[in-house]
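Asker: coords below, sequence missing:
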């Protein structure tokens, strides 16, 4: 039982506090106990509800993608010694997908003082007078790279972050995330469908969200050294906390964004996955994948944070990279070609809806 | 003539100082004048001699590589508006090389005060009491990626840096550089030959150099997030200035290092370039190339500096990336395989000589 695990320190072997009976329980211990005793319901804490939501979404997305691909995801689950863990689902060299990764992760840890100071810039609720704060982070992230160069790569990530007071009550919290589309060939109707679907999910919550988060996305997914965007954008937001809207409203917004993923992408995939293509078009896809790698390894803050986190699961972080990529020296699209049209849009983001 | 160019500001269009006749000439102007008037001789400044040396080396290396490959390098030259410029030579999809790049660059510019302060940590000769300093940098850099997975990738870079006093005389200066070997399959005899050849070049100057610079190389070319080295190492050094040895001695050392490249690598290439290999071995090469990309984009300071320099020639910086690479999720070599032997050596660098 959990009480036995806690008493004998077998649940949290790396956490010295749990062996000292006078220390209050960590939030990881509190959450594990709450789940064992009462399960997760609409009255559970946001930590438990977000965890439950993203795991449910992961299952639905994987089921849908397996149906389309005709092959199965490999599923790796792991636990973190401090509490939490992850589920990495990867489908590699499938029928439709060259590589598809859908991960969830739950992290319990401790923020040191300098990290708290940095985060206070965006979150005044963070207690400035402590040496460290327990934190919780839950996120789902996904990248799909289809084989067919006419079918776009897509990325999605939604996450919830919370810090805890010493008594386990929430201190500061915020949501972040987004989704964006990266085609090798531009089909205007696809761009419009993707953006319109996301916009509808946003509009149901706040008419200001889509324009704000679309612009944030264009500015975040910029391959600065190339002077171009990674793709056609979508939405991106971070640090949405009580200064934006109350927690229930924001959770509901994030849920609707996440649920809009399948309708935003699957119709595009179905239209493009079996289109005929030439060797030259496959080659262009490979060059664009090189740019995708450049963004993820050079500019993406999430990847960089992950790679610099001791003990991080590198294979889960780098599942975002395509199976194959190319770097051709001085590769320039022909004037007037479809490749050139794509690059011109990447250099100057378009309003699709 | 140069005097005319300087007077009419047509030589240095971006440099306002050259249009004001009361300003002293920049070091770029001084060097251009010296080359026009007297050429480059053993009594010329170190700036001119280093420039001349690396361009000569570039020609020799390219001639040798073209002989082996049977196809020609594409040569791009460009000028920098502030003075200096570069020569990028790339051979792509050749007979032996998938991608081979040999670049030289000459940079004249101005260091702002914060950069000077940072550099003073290693170079006390730098004048601390100025708002900016003119600087000069000359370097040769090369990465060769052969097609055959039995033939190793190799990297080389040698560079000279100098700052100038207001009267154009040298203020601080230093040399840096090195070379390292990155095979996909380990042939001990190749590793020994490569390291022995470099060690001989080092030993002729200082018996302490090879051990110091071999260790520096192992520590620099570490793919930290993977817990492995990029390859089998070689040598790496930086900031070698008057506190190490006098300038002539260091220049002579750097010249000998650079000249030892062809004898260190070409015999290995000739032995491996036509070896038979399987699809699985080609695939392993592609996975190792993925790691090469990870090091260069995530950890290499030179690449990161280049990508963050406004106006830098991105295609020249990224010529170091292989033409093709792969990221396979959870790819682990078979126990007892040659692939596993390589990884074990990358996890724990070996003394080869």
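Answerer: Looks like it arrived, so ask away. Since we're looking at a predicted model, the values are computed, not measured. Numbering: from 1, shown residues only, chains lettered A, B, ... in the order given.
Asker: quick one: buried residues of stretch A:180-199?
Answerer: By 16 or more other C-beta atoms under 10 Å in any protein chain shown, the buried positions in stretch A:180-199 come out as A:180-187, A:190-191, A:193-195, A:197-199. In short, each C-beta sits where N, CA and C put it, glycine included.
Asker: now, those residues that are in helices?
Answerer: The helices, defined by DSSP state H, take in A:190, A:191, A:193, A:194, A:195, A:197, A:198, A:199 from those.
Asker: quick check: the third one touching residue A:269?
Answerer: No: contact between residue A:193 and residue A:269 fails when scored by C-beta atoms under 8 Å: they sit 11.2 Å apart.
Asker: remind me which helix or strand residue A:270 belongs to.
Answerer: Residue A:270 is part of helix A:261-272, with elements assigned from DSSP states H and E.
Asker: count of neighbours near the residue in the stretch 101-250 of chain A positioned nearest to chain B?
Answerer: Across the stretch 101-250 of chain A, the shortest distance to chain B (C-beta to the nearest C-beta) belongs to residue A:225, at 4.2 Å. For residue A:225, the neighbour count with other C-beta atoms under 10 Å in any protein chain shown is 21.
Asker: list phi and psi for it.
Answerer: phi -70, psi -20 (degrees, to the nearest 10).
Asker: and what of residue A:27?
Answerer: The phi/psi pair for residue A:27 (degrees, to the nearest 10) is phi -70, psi -30.
Asker: nearest spatial neighbour of it, skipping sequence neighbours?
Answerer: Of all residues not flanking residue A:27 in the chain, residue A:164 sits nearest, at 4.7 Å (C-beta to C-beta, 6 or more residues apart in numbering or on different chains).
Asker: can I assume that neighbour is in contact with residue A:135?
Answerer: Yes: at 7.1 Å, residue A:164 counts as touching residue A:135 under the criterion of C-beta under 8 Å.
Asker: which residues do those two both contact?
Answerer: Counting by C-beta atoms under 8 Å, 6 or more residues apart in numbering or on different chains, no residue touches both residue A:164 and residue A:135.
Asker: what helix or strand is residue A:141 on?
Answerer: strand A:132-146.
Asker: before we move on, what about residue A:159?
Answerer: Taking DSSP H and E as the criterion, residue A:159 maps to strand A:153-164.
Asker: and that strand, what does it pack against?
Answerer: Applying 3 or more C-beta pairs under 8 Å, 6 or more residues apart in numbering or on different chains; DSSP states H and E, one finds that strand A:153-164 makes contact with helix A:46-69, strand A:132-146, strand A:170-182, helix A:247-259.
Asker: next, format these as TSV and append distance to chain B and mean pLDDT.
Answerer: Listed next are those as TSV, based on distance: least, C-beta to the nearest C-beta, whole Å; pLDDT from 0 to 100:
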stretch	distance to chain B	mean pLDDT
helix A:46-69	15	98
strand A:132-146	10	95
strand A:170-182	16	95
helix A:247-259	23	98
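Asker: and residue B:78, which of these is closest to it?
Answerer: Distance to residue B:78, taken as C-beta to C-beta, is lowest for strand A:170-182 among these, at 30.4 Å.
Asker: lowest-scoring secondary structure element of chain A by mean pLDDT?
Answerer: The weakest-scoring helix or strand in chain A, judged by mean pLDDT, DSSP states H and E, is helix A:2-8 (a mean of 30).
Asker: around chain B, which positions in the stretch 251-353 of chain A sit nearby?
Answerer: With C-beta under 8 Å from any C-beta of the partner chain as the criterion, the stretch 251-353 of chain A meets chain B at residues A:286, A:290, A:293-294, A:297-298, A:304, A:307-308, A:312, A:314-315, A:318-319, A:321-330.
Asker: where does the stretch 1-150 of chain A get nearest to chain B, which residue?
Answerer: residue A:90 (4.5 Å).
Asker: after the helix or strand hosting that residue, which helix or strand is next?
Answerer: Per DSSP H and E: residue A:90 is located in strand A:84-92. Where DSSP H and E defines the elements, the next helix or strand beyond strand A:84-92 is strand A:97-112.
Asker: and the next helix or strand after that following strand, what does it pack against?
Answerer: Going down the chain from strand A:97-112, the next helix or strand is helix A:113-120, by DSSP H and E. Helix A:113-120 sits against strand A:132-146, with contacts defined as 3+ C-beta pairs under 8 Å, 6+ apart.
Asker: parallel or antiparallel, which strands does the strand it packs on pair with?
Answerer: strand A:97-112 (antiparallel), strand A:153-164 (antiparallel) (DSSP bridges).
Asker: in that strand, what counts as buried?
Answerer: Applying 16+ other C-beta under 10 Å to strand A:132-146 flags A:133-146 as buried.
Asker: same question, stretch A:70-84
Answerer: By 16+ other C-beta under 10 Å, the buried positions in stretch A:70-84 come out as A:73, A:76, A:80, A:82, A:83, A:84.
Asker: redo those as a markdown table? Include pLDDT and distance to chain B.
Answerer: Formatted as a markdown table, those follow (pLDDT from 0 to 100; distance: C-beta to the nearest C-beta, whole Å):
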| residue | pLDDT | distance to chain B |
| --- | --- | --- |
| A:73 | 98 | 11 |
| A:76 | 97 | 7 |
| A:80 | 87 | 17 |
| A:82 | 83 | 20 |
| A:83 | 87 | 23 |
| A:84 | 91 | 20 |
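Asker: could you work out the most separated pair of these?
Answerer: Across those (C-beta to C-beta), the longest gap, 26.7 Å, separates A:73 and A:82.
Asker: can you pull the phi/psi pair for residue A:238?
Answerer: Here is the backbone geometry of residue A:238 (degrees, to the nearest 10): phi -150, psi 160.
Asker: distance of it from residue A:320?
Answerer: 18 Å (C-beta to C-beta, to the nearest Å).
Asker: and residue A:41, by the same measure?
Answerer: 33 Å.
Asker: who has more neighbours out of these two?
Answerer: Neighbour totals were compared for residue A:41 and residue A:320, and residue A:320 leads with 26 against 9 (other C-beta under 10 Å).
Asker: show me the contacts for the more buried one.
Answerer: A:101, A:141, A:143, A:155, A:296, A:303.
Asker: the fifth one: what's it in contact with?
Answerer: Same thing as residue A:296. When contacts are counted by C-beta under 8 Å, 6+ apart, residue A:296 is found next to A:303, A:320, A:321.
Asker: right, I'll call it a day here.
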